[in-house]
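Trainee: Next come a sequence and a model predicted from it.
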Amino acid sequence: MQICRSIFLLIAGILVWHNAVAQVTVSGGHVVISAGSHVVATGLSIQNDSSASIANSGTLSTTNHISNAAGGSFSGNGLWKLGGNWTNAGSFAAGSSTVLFDGSGSSTVSAGGAAFYNLHLGKNSNDLTLASAVAVLNEARFLTTNNKIICGNFDVTVGESATVVGADDNDFFVTNGSGLLKRRALGATAFVFPVGADAGTFNPLTLAENATPDTIGVRCMAQPLDKGLSGNPIPADAANVAWEVREDNAGGSSLAATAQWTLSDELSGFVRAECGIARFNSGTDWDLPVAGMGAASGSGPYTRTRTGFTPGVLAVLDEAFLNRVKISPRIMLSGPFNTATSKMNDNLRTLAAFPLNAPNPYGSGKFAHAGWQPSAGYSIPASLLSVTGDNAIVDWVFVWLKDPNNPATNLQTTVALLQKDGDVVDLDGISPVRIPANAGNYIFAIGQRNHLSVRTPNGAGLALDEITATPYDFTTAMTQGFGVNPMKQVQTSPAIFALWGGNTSLNNTVRMTGPPSINDYTVILNTLGAPAGIQSNVYSNSDVNMDGTVRLTGPASINDYSKLLNILGVYTNIITEQQ
């Protein structure tokens, strides 16, 4: 059927066309569908040709396609209902109208640059696929179950006050190409981007803009890649999903995000109790700050939240990707120091009692932890204790990062391992110490359970980052440590400085006088029960020389009393920790 040029057709009731012909064509004429009127074209396509117009304030319905040729016009506040494709190459003044895609077949939409007011999807099982970018001014609504809007390489942009209604794990926007779901003028009110990388995965991302409102777009990616938008898939310690977040106007963003994933998204080794939203930086580096770490919320699906970041590629990663600064410190302990070798004895590692988990008192008292800590604690493999030579393990040590502006404030702590030659390494026995923290300047401190701790001097602090390990050698000069006599000189040529030993009371002094609770000699005596007592093959804080035996008798080389006296010089001396 064709409505010819110069024909003006006013419809004010119900008009039904059946499929006796392939389509209804408006060719140069003008069709006005008044409010309350219904035009139903069963099995027919509706074609509006150049210079023709359809003004729809009622309902125009077809089980097939609706198209508007270049030069043609659509307008009105009515309902446009179709089971096929929407193709607009002309003008479409949407008013307050609704375009509803329904029926059992699939549909495509080519908007021709014209925005929809309401875009509704009510298909039984099939989807709506974009053939152009689409804008929705007021409402995008999913009306039935298992409906998807397939974006491909085209964007869907919803207005500043527009809503997306009815989205869930069966009804969402599939961002399976370069296209994004975009929100105009996103501000402090959070907006849920109901997206998935394919029709079988639903991973919504909720965003709020806490700085200058901007148009923000989101694309869900099938998996996180080590280089953000390229590279190899991250194989473990992650949820197998990522989101690309873009802004229209570069700069000025401070976003807050809540990311969602399911159990089936979790890759091998992923620790849900210790994860966060990471943002890709550069190279293969992901930014996962300590402040963003924590346990996932929910019982499935799961969520994590992060604030104060700029657009980029986001992923949910666990503590394997946590920001960690690197440092390669060097210290000596005066207790096991051997003047014949200018190194430390490593007797303890051969003991059955040597702990494979971080020992007490690490985690309490003056060794109380600060900052993020792994829920599983700290441990090492027994194989590390079989290493000999300069890299042999002497003992566990405790490290702090402190605030340069207020060194009394402990920002982050961890534990590490001390080697025979004084190198301090991470728990793999090889690598520089990696401390959970963002790159920046810090006061660095290190201690050992029965030695007094030492820290770097006041000032700007050490510049630490995640790429290059900063070396710092406390052994070369007294001035490498903060305070008055922060270390003991254990060798003169070349000069070697070591942490003060003998702190068996685990406080901040080494002394042989005073009440039993602070008298390190008395602590040893109480450990033994009697002056002649001997405890062998023990890992004990009372073992001043760290040879695996606690005793107050015998030659000076094996006598903890003699070692304590040697450290103090005079039994009445009191050495105070400089922190």
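Mentor: Cool, the structure landed.

Trainee: pLDDT score for the residue lying closest to Leu427 once chain neighbours are set aside?
Mentor: For Leu427, ignoring the flanking residues on the chain, the nearest one in space by C-beta to C-beta, 6 or more residues apart in numbering is Ile380 at 5.2 Å. In short, each C-beta sits where N, CA and C put it, glycine included. Ile380 is assigned a predicted lDDT (pLDDT) of 98.

Trainee: Is Ile380 in contact with Gly429, as I believe?
Mentor: Yes. Taking C-beta atoms under 8 Å as the contact criterion, Ile380 and Gly429 are neighbours in contact, 7.2 Å apart.

Trainee: in its sheet, what does the biggest strand by length in the chain sit against?
Mentor: Of all the segments assigned as strand in the chain under DSSP state E, the longest by residue count is strand 406-419. Partner strands for strand 406-419, per DSSP bridges, with pairing direction: strand 393-403 (antiparallel), strand 424-425 (antiparallel).

Trainee: in the longest one, what's buried?
Mentor: Going by neighbour count (16 or more other C-beta atoms under 10 Å), the buried part of strand 393-403 is Ile393, Val394, Asp395, Trp396, Val397, Phe398, Val399, Trp400, Leu401, Lys402.

Trainee: Ok, stretch 382-394 next?
Mentor: By neighbour count with 16+ other C-beta under 10 Å, stretch 382-394 contains the buried residues Leu384, Leu385, Val387, Asn391, Ala392, Ile393, Val394.

Trainee: do the same with stretch 116-124
Mentor: Neighbour-count burial for stretch 116-124 flags Phe116, Tyr117, Asn118, Leu119, His120, Leu121, Gly122, Lys123 (criterion: 16+ other C-beta under 10 Å).

Trainee: and which of these is nearest Leu100?
Mentor: Proximity of these to Leu100, judged by C-beta to C-beta, is greatest for His120, which lies at 4.4 Å.

Trainee: what residues are up against the closest one?
Mentor: Listed by C-beta atoms under 8 Å, 6 or more residues apart in numbering, the contact set of His120 reads Thr98, Val99, Leu100, Phe101, Glu139, Ala140, Arg141, Leu143.

Trainee: Could you rerun that using 7 Å?
Mentor: The contact partners of His120, taken as C-beta atoms under 7 Å, 6 or more residues apart in numbering, are Thr98, Leu100, Arg141, Leu143.

Trainee: same deal with Gly166?
Mentor: Arg141, Phe142, Leu143.

Trainee: so the first one sits right up against Val165, yeah?
Mentor: Yes. Counting by C-beta atoms under 7 Å, Arg141 touches Val165, with 4.3 Å between them.

Trainee: so where's the stretch 251-400 of the chain uncertain?
Mentor: Residue ranges of the stretch 251-400 of the chain with pLDDT under 70: none are present.

Trainee: Please apply the same query to the stretch 1-150 of the chain.
Mentor: Residue ranges of the stretch 1-150 of the chain with pLDDT under 70: 1-23.

Trainee: Residue ranges in the stretch 451-579 of the chain under the pLDDT threshold?
Mentor: In the predicted model of the stretch 451-579 of the chain, no residue satisfies pLDDT under 70.

Trainee: Go again with 90.
Mentor: Counting by pLDDT under 90, the ranges of the stretch 451-579 of the chain that qualify are 579.

Trainee: mind listing the helices for it?
Mentor: Assignment of helices within the stretch 451-579 of the chain using DSSP state H, counting those that start in this stretch yields the ranges 520-528, 560-568.

Trainee: just to revisit the earlier point, with neighbour count and secondary structure as added columns, please give the contacts of Gly166 in JSON lines.
Mentor: Supplementary listing: these in JSON lines, determined by neighbours: other C-beta atoms under 10 Å; DSSP: H, G, I helix; E, B strand; the rest coil:
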{"residue": "Arg141", "neighbour count": "20", "secondary structure": "strand"}
{"residue": "Phe142", "neighbour count": "24", "secondary structure": "strand"}
{"residue": "Leu143", "neighbour count": "15", "secondary structure": "coil"}
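
Trainee: What is the nearest of those to Ala352?
Mentor: For Ala352, the closest of the contacts of Gly166 turns out to be Phe142, at 64.6 Å, with distances computed as C-beta to C-beta.

Trainee: so how far is Asp127 from that closest one?
Mentor: Distance of Phe142 to Asp127, given as C-beta to C-beta, to the nearest Å: 11 Å.

Trainee: check contacts around Gly429.
Mentor: The neighbourhood of Gly429, defined by C-beta under 7 Å, 6+ apart, consists of Leu384, Val387, Ile393, Leu417.

Trainee: Okay then, goodbye and thanks.
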